[in-house]
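# Fold the following for me, if possible:
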Amino acid sequence: MKKILSLLIAVLIVLSAVSCSQNISEETTEKQATETTAADTSSDTSIETTKETIAETNETTAGDETEYIEGYDPISEKIGSYVILEYNPMYCSVESTVSQSIGSKEKIVLNVTMKNGYIFDGWSLDNYECNKLTSTGGAGRDTYSITVNKETKVFINCSMKVLYDANGGKTNEGKDILETTYCVSEYKCPSTLPDKGYFSREGYVLSEYNTAPDGSGEAVSLGSKIRSDSSELTLYCIWLKEDSSQDFDYTKSEGITITKYKGNKKDVVIPEKIDGVNVTAIAKKAFSELDIETVFLPKTIETVSRASFYKCDKLTTLVFFDSILSFDKDAAAECPNFRYVRINAVQDMYYEWMVGSYCKTDRLIWSKDMKKFIFYGGSGTLHAIKCDMVNKEIGDEYVVINMGANANVSAAFVFEGMRKWLKDEDIILWCPEMSASPLGKADMTGSLGKRNIEIYVSGNYDFLKGVDITQYPGFFDAMTQVFSDREKHKVSWEMGGIGYNCYGDTVSSPDQKLFDNSYSFPTAPNLSSYKRMQFMIKELKGMGVETWFSYAVMDETGTGITEEKAKQYEENIKKTFDVTIISDFWDCFVPHDCMADSIWHVTLEGADIRTKQIIKDIMKQFEKTKQGDRSS
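Below is the predicted model of the structure:
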């Protein structure tokens with residue numbers, strides 16, 4: 001027996017020696033592959049020199065296993081005791097080595113391998129980087145070494161290639177193809193180039209991009225987002241031939257003002273220049289009692305006057321750019337079939353006021369052909385729902401999205417904007433605050449009306465495709481106000497904010513300023529105010545999209561709430577909207593110390609409480625649906 005034990009011990013010693021030899025060999029290889037940098041052992045966080053003496057223990061880890069929707073969601077991996085690695089496994093895989101350094105410090109060595117042709121843009125700390133910013137590790141350097149003794153976030157930056165085919169035109173360098181990259185570290189759907197003179201074609205205006213050269217593929221307005229499933233996307237410039245200047249009467253000063261259209265086309269393309277001067281304005285009744293259907297306004301247009309389009313019975317659509325400074329709300333006067341606008345960008349695209357809208361829109365566009373479970377409401381939904389908890393409970397059958405944002409936005413407008421990306425079996429869980437806009441009143445008038453555009457449109461103008469803007473009073477004023485505000489801010493158009501996760505939830509608590517919260521119930525809804533919301537719910541139902549209803553989160557100590565008022569409110573909802581109410585009114589409350597800086601804002605603890613309750617409601621409704629299917 002002793003001989004056997006001695007033999008086993010000898011074998012173990014040999015195996016241990018081999019293992020140590022392998023560890024030393026791997027470390028040496030890593031050192032040789034890594035660029036030498038100056039060490040700063042006094043710093044808590046530093047890029048380490050490869051010549052640093054490493055402690056004896058060496059351990060390789062893949063990090064904590066994280067659940068994610070295959071091929072899309074970014075993940076966070078804990079590496080060692082301090083480092084949190086943020087990346088998207090759609091684009092790359094990572095190997096990590098953890099070793100003990102001086103004192104409590106750990107040395108982390110990360111090695112990235114790119115997948116499927118995606119481009120490595122380097123490492124960064126604290127947040128993703130993009131737009132050709134210099135990354136911490138240097139673009140193209142696949143090994144990164146860091147020594148830390150405090151929590152540190154490391155990000156892997158990735159991009160995809162977007163090729164623009166001038167398709168009969170030329171790039172501003174006289175080439176046929178413009179090659180660009182788009183940062184996909186956080187997102188999947190690239191924003192396209194605005195019209196900043198990247199392309200030109202004599203006698204033509206650039207109208208849109210398309211995935212097919214003849215315009216038969218997927219179209220995207222200039223600057224808006226488009227879905228991509230690969231590391232390389234080719235888009236073709238789609239050109240419209242300008243109408244002859246002889247088709248117009250005009251006046252000339254610093255710019256050309258169109259005073260009359262004399263042509264006979266149903267689809268009019270106004271030229272950018274006449275006699276070498278920019279066309280800048282459309283006068284009153286310039287298009288009067290004509291059989292036109294669409295009008296394309298070039299990027300030089302700044303002013304569209306009242307009744308510029310007058311009694312044009314067949315006019316349905318106006319296409320224009322965000323260079324317009326004044327667009328009269330009655331520009332299409334007595335044009336009974338006018339419904340739609342399509343907007344191209346000359347300015348860089350980004351979301352005003354709430355950058356978290358990037359992840360919401362990106363996720364919605366990307367999941368167009370997938371089953372979706374969408375939360376919608378105002379800030380009560382934005383702050384009170386933790387979609388990762390919901391996703392874990394209902395599984396990956398659904399892509400979960402938090403489209404909630406602000407109580408000054410019309411629910412009808414958001415439902416109508418989302419419609420083009422929805423499909424059969426999608427579910428919207430509507431959790432409105434108890435006021436007109438969250439309940440779907442179609443109105444953008446007033447100083448806060450522009451929130452509709454800022455939050456859902458300003459980073460992706462194609463949100464407006466298919467939206468009947470004539471249903472939303474104040475639309476043109478809100479739109480031009482956002483256009484004018486655009487130049488005041490410079491925000492990276494490829495990035496969102498670290499305050500939001502990939503679902504569209506906030507990930508940090510608002511400032512906690514506890515108030516004595518008081519709530520008021522709306523009176524019995526004026527049906528005329530909610531006709532558009534009723535119409536949208538019916539439209540979506542016809543597409544196979546269900547609308548479920550719950551209540552916005554509230555303070556359990558809030559005043560103004562009684563059993564009688566709550567019961568009446570529920571009855572009004574049932575009478576007004578064709579929705580499935582899945583929650584009890586009294587289950588929406590959280591403790592007072594979980595409230596934050598608004599009657600609808602909660603802390604992360606409050607969100608945890610509210611989400612756990614709403615998950616119970618969701619699972620009960622799923623079970624009811626299954627039972628209904630079985631009984632039928």
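
# Can you give the domain ranges for the protein?
For the chain, automatic domain parsing gives the domain ranges 44-158, 245-344, 357-631.

# Okay, the nearest residue to Lys368 once chain neighbours are set aside and Tyr456: tell me how far apart.
Among residues not flanking Lys368 along the chain, Trp421 sits closest, at 4.6 Å (C-beta to C-beta, 6 or more residues apart in numbering). (Glycine included, C-beta is placed from N, CA and C.) Noted for Trp421: a distance of 12 Å to Tyr456, by C-beta to C-beta, to the nearest Å.

# and if you look at Val109?
The spacing between Val109 and Tyr456, counted by C-beta to C-beta, is 43 Å.

# Provide a list of residues in contact with Ser583.
Under the criterion of C-beta atoms under 8 Å, 6 or more residues apart in numbering, the neighbours of Ser583 are Phe549, Ser550, Tyr551, Gln613, Ile614, Asp617.

# mind showing which ranges of the stretch 101-250 of the chain have poor pLDDT?
131-141 (pLDDT under 70).

# pLDDT weak spots in the stretch 401-550 of the chain?
Scanning the stretch 401-550 of the chain for pLDDT under 70 picks out 487-497, 514, 523-527.

# Name the residue closest to the centre of this protein, please.
Relative to the mean C-alpha position of the chain, the nearest C-alpha, by C-alpha atoms, centre = their mean, is the one of Tyr358, at 2.4 Å.

# pLDDT wise, what is that residue at?
Confidence at Tyr358, expressed as pLDDT, is 81.

# try Gly255
Looking at Gly255, its pLDDT stands at 97.

# got the contact list for it?
Residues in contact with Gly255 (C-beta under 8 Å, 6+ apart) are Val277, Asn278, Val279, Thr280, Ala281, Thr300, Glu302.

# JSON lines for the residues you listed, including secondary structure and neighbour count?
Supplementary listing: the contacts of Gly255 in JSON lines, determined by DSSP: H, G, I helix; E, B strand; the rest coil; neighbours: other C-beta atoms under 10 Å:
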{"residue": "Val277", "secondary structure": "strand", "neighbour count": "15"}
{"residue": "Asn278", "secondary structure": "strand", "neighbour count": "17"}
{"residue": "Val279", "secondary structure": "strand", "neighbour count": "25"}
{"residue": "Thr280", "secondary structure": "strand", "neighbour count": "19"}
{"residue": "Ala281", "secondary structure": "strand", "neighbour count": "22"}
{"residue": "Thr300", "secondary structure": "coil", "neighbour count": "20"}
{"residue": "Glu302", "secondary structure": "coil", "neighbour count": "17"}
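
# Pick the one among those residues closest to Asp247.
Val279 (12.3 Å; C-beta to C-beta).

# so that closest one touches Ile256, yeah?
Yes - counting by C-beta atoms under 8 Å, Ile256 is a contact partner of Val279 at 4.4 Å.

# overlap in contacts of those two?
Among the neighbours of Val279, those also in contact with Ile256 (C-beta under 8 Å, 6+ apart) are Tyr250, Lys273.

# tell me the pLDDT at the residue nearest to Phe373 when sequence neighbours are not counted?
Of all residues not flanking Phe373 in the chain, Tyr398 sits nearest, at 4.0 Å (C-beta to C-beta, 6+ apart). Listed pLDDT for Tyr398 reads 96.

# how many neighbours does Tyr398 have?
Per other C-beta atoms under 10 Å, the neighbour tally for Tyr398 reads 19.

# show me the contacts for it.
Residues counted as contacts of Tyr398 (C-beta under 8 Å, 6+ apart) are Met370, Lys371, Lys372, Phe373, Asn391, Ile427.

# Among these, which lie within helices?
In this view, the contacts of Tyr398 that belong to helices under DSSP state H are Asn391.

# nearest to Leu439, of the contacts of Tyr398?
Nearest member of the contacts of Tyr398 to Leu439, counting by C-beta to C-beta, is Ile427, at 19.1 Å.

# Going along the chain, name the helices of the protein.
Under DSSP H, the chain gives helices at 2-33, 357-366, 379-384, 387-394, 411-418, 451-456, 475-485, 531-543, 563-576, 604-631.

# So which of those is the most surrounded?
Across the helices of the chain, averaging neighbours per residue (mean count of other C-beta atoms under 10 Å) puts helix 379-384 on top, at a mean of 28.

# what residues does that helix touch?
356, 375, 402-407, 431, 433, 504-506, 510, 552-554, 590, 596, 598, 600-602, 606-607, 610-611.

# What of stretch 349-360?
Contacting residues not belonging to stretch 349-360 are listed as 186-187, 191, 194, 223-224, 382, 401-403, 405-406, 451, 453-456, 458-461, 482, 485-486, 489, 491-493, 495-497, 499-504, 506 [C-beta under 8 Å, 6+ apart].

# Can you turn the buried part of those into a PyMOL selection?
In PyMOL syntax, the buried subset of the contacts of stretch 349-360 is picked out as below (16 or more other C-beta atoms under 10 Å):
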select buried, resi 186+187+191+194+223+224+382+401+402+403+405+406+451+453+454+455+456+458+459+460+461+482+486+491+492+493+495+496+497+500+501+502+503+504+506
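
# Give me the subset of the contacts of stretch 349-360 lying in strands.
The strands, defined by DSSP state E, take in Ile401, Asn402 from the contacts of stretch 349-360.

# Surely Ile498 is in contact with Glu129?
No - contact criterion C-beta under 8 Å: Ile498 and Glu129 do not qualify, at 11.8 Å.

# Between these two, which is the more surrounded one?
Per other C-beta under 10 Å, whichever of Ile498 and Glu129 has more neighbours is Glu129, with 23 against 17.

# is it true that that one touches Ser159?
No - counting by C-beta under 8 Å, Glu129 stays clear of Ser159, with 10.6 Å between them.

# Tell me the residues that contact both of those two, please.
Counting by C-beta under 8 Å, 6+ apart, the shared contacts of Glu129 and Ser159 are Asp121, Ser185.

# tell me the contacts of Pro336?
Asp313.

# likewise Ala281?
Ala281 neighbours (C-beta under 8 Å, 6+ apart): Gly255, Ile256, Thr257, Ile258, Ile301, Glu302, Thr303, Val304, Ser305.

# List the beta-bridge partners for the fourth one.
It stands for Ile258. Judged by DSSP bridges, the bridge partners of Ile258 are Tyr250, Ile282.
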